[in-house]
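# Dropping the sequence and predicted coords here.
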Amino acid sequence: MRVLTGMQSSGNPHIGNYFGMIKPALEFQDNPKNECFYFIADLHSFTSKLDPEAFHQNQKRTILDWLALGLDPEKSAFYQQSDIRAHTELFWILMCGTPMGLLERAHSYKDKIANNIEPNGGLFSYPVLMACDILLYDAEVIPVGKDQKQHVEMTRDIAQKFNHHFGETFTLPEARILKSVETVPGLDGRKMSKSYGNTIDIFEEEVALKKKIMSIPTDSVPLGQPLNPDTCQVFAFHTLFANPNLETLRNQYKNGDIGFGDAKKQLFTLIWDYFQEARERRTKLQKETTYIEKILTEGAQKANSIAEKKLGLVRSKLGLSAKHLV
Ligand code: ADP
Ligand code: TRP
């Protein structure tokens with residue numbers, strides 16, 4: 001099975017990204033029958049701002065995070081979207097085959113407008129570039145969070161339309177969304193998202209992590225009174241991080257044997273320990289720039305050879321190759 005997913009390098013990866021997409025994606029690596037393609041959607045990150053300094057920082061930290069979290073370059077191709085020129089060439093072709101109405105219906109675009117973000121052309125056409133990222137590789141399974149579902153559906157629509165007009169060319173992909181983590185809540189209970197400033201970053205500094213956890217809003221219940229685990233954001237995070245003593249904690253909540261302060265302190269330790277190994281790997285990797293460059297170069301070579309082949313097929317179907325002139 002060919003598995004592919006991408007992540008924008010638009011800030012610090014957070015635990016919503018981790019549980020919703022990174023962890024499920026990396027689990028596919030362990031089955032040797034899968035061919036995995038994971039990439040940094042750096043061109044997509046330009047839709048928010050063209051800022052070379054921030055771009056470089058975000059790019060670096062997103063790459064490091066993926067490798068530290070377990071992306072194995074022996075098993076998966078890992079590359080930067082911008083290293084594969086075929087994405088942008090196919091983008092123009094598919095843009096010309098995409099009705100405006102389809103793009104106007106995109107939730108992500110409509111949300112940005114609703115939040116008074118002034119849209120640029122890149123933001124509007126974002127789903128078509130995403131379709132190119134997927135279709136060039138005949139990817140079958142796309143691990144993503146729920147907010148990307150519509151984009152994968154649009155990719156199918158775009159592919160179907162092309163196949164219908166020009167004959168079988170693209171494989172139709174399917175989004176793989178895990179129900180239990182399809183929308184990980186943020187510190188304020190809304191969807192965790194960089195755009196809402198409610199994130200816990202995967203590799204948050206110790207003091208900042210403590211501060212964020214202690215600031216999670218809770219009900220004002222006097223100490224010694226029962227607490228409701230089912231409506232508590234702190235308890236929800238204990239569940240997400242698979243606290244091995246979850247049932248004990250649930251009983252402590254119900255019996256009034258624990259206060260929110262203690263539940264938060266335990267949560268801090270749980271999260272800190274959860275990423276301990278990855279944090280150590282990340283610290284080591286930070287110094288290994290030559291090794292990281294090599295991984296990305298090899299990943300790009302593999303991706304490029306597949307993408308170029310598919311682009312060649314598309315070009316020939318559209319009469320873009322020289323042999324059509326004679
Ligand atoms: P953000 O909303 O923070 O900008 P991205 O758009 O970079 O996140 O998302 C990268 C991947 O992580 C996507 O597949 C997305 O669906 C997933 N994802 C993002 N936030 C969450 C969340 N809160 N819960 C589950 N998955 C998420
Ligand atoms: N749009 C995705 C996001 O914001 C990132 C992305 C770009 C992507 N191209 C992709 C995800 C292709 C899966 C497949 O998270």
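In hand now; what should we look at? Ligands and ions are numbered 1, 2, ... in the order given.

# Quick check, the residue in the stretch 201-326 of the chain closest to ligand 2?
As assessed by CB to the nearest ligand atom, ligand 2 sits closest to residue 303 within the stretch 201-326 of the chain, at 12.3 Å. Heads up, the C-betas are built off the backbone N, CA and C, glycines and all.

# Counting neighbours, what do you get for the closest residue to residue 115 other than its chain neighbours?
Closest residue to residue 115 apart from its sequence neighbours, by CB to CB, 6 or more residues apart in numbering: residue 195 at 7.7 Å. Using other CB atoms under 10 Å, residue 195 has 14 neighbouring residues.

# do residue 47 as well
Other residues lying near residue 47 total 23 when counted by other CB under 10 Å.

# Would you check that it makes contact with residue 123?
Yes. Residue 47 is within contact range of residue 123, at 4.4 Å (criterion: CB atoms under 8 Å).

# So which residues make contact with stretch 293-309?
The set of residues external to stretch 293-309 that reach it, using CB atoms under 8 Å, 6 or more residues apart in numbering, is 37, 39, 63, 67, 73, 76-80, 83-84, 86-87, 136-138.

# what comes up buried for it?
Judged by neighbour count using 16 or more other CB atoms under 10 Å, the buried positions of stretch 293-309 are 295, 296, 299, 300, 303, 304, 306, 307.

# which bits of this structure sit near ligand 1?
Within the chain, the positions lying close to ligand 1 (CB under 6 Å from any ligand atom) are 7-8, 10, 16-17, 20-21, 144-145, 147-148, 181, 183-184, 191-195.

# Which among the residues you listed count as buried?
7-8, 10, 16-17, 20-21, 144-145, 147-148, 181, 183-184, 191-194.

# Of those residues, which belong to helices?
Within these, residues falling in helices by DSSP state H are 16, 17.

# so of the buried ones among the residues of the chain next to ligand 1, which ones are in strands?
Secondary structure from DSSP state E places 7, 8 of those in strands.

# Which ones, among the buried ones among the residues of the chain next to ligand 1, also lie beside ligand 2?
Within these, those near ligand 2 by CB under 6 Å from any ligand atom are 7, 8, 144, 148.

# farthest-separated two in those?
Within those, 8 and 144 form the most distant pair, 11.9 Å apart (CB to CB).

# can you list the domains in the chain?
Using automatic domain parsing, the domain parsing of the chain gives 2-184+288-318, 204-274.

# Make a markdown table from the ones you listed and add mean pLDDT to it.
Output for the domains of the chain, formatted as a markdown table (pLDDT from 0 to 100):
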| stretch | mean pLDDT |
| --- | --- |
| domain 2-184+288-318 | 96 |
| domain 204-274 | 96 |
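
# just the ones you listed: most buried one?
domain 2-184+288-318 (a mean of 18; mean count of other CB atoms under 10 Å).

# got the end-to-end distance for that domain?
One end of domain 2-184+288-318 sits 26 Å from the other (CA to CA, to the nearest Å).

# from the middle of its chain, how far away would that domain be?
9 Å (CA atoms, centre = their mean, to the nearest Å).

# now do stretch 220-235
32 Å.

# Could you tell me the end-to-end distance of that stretch?
Stretch 220-235: ends 15 Å apart by CA to CA.
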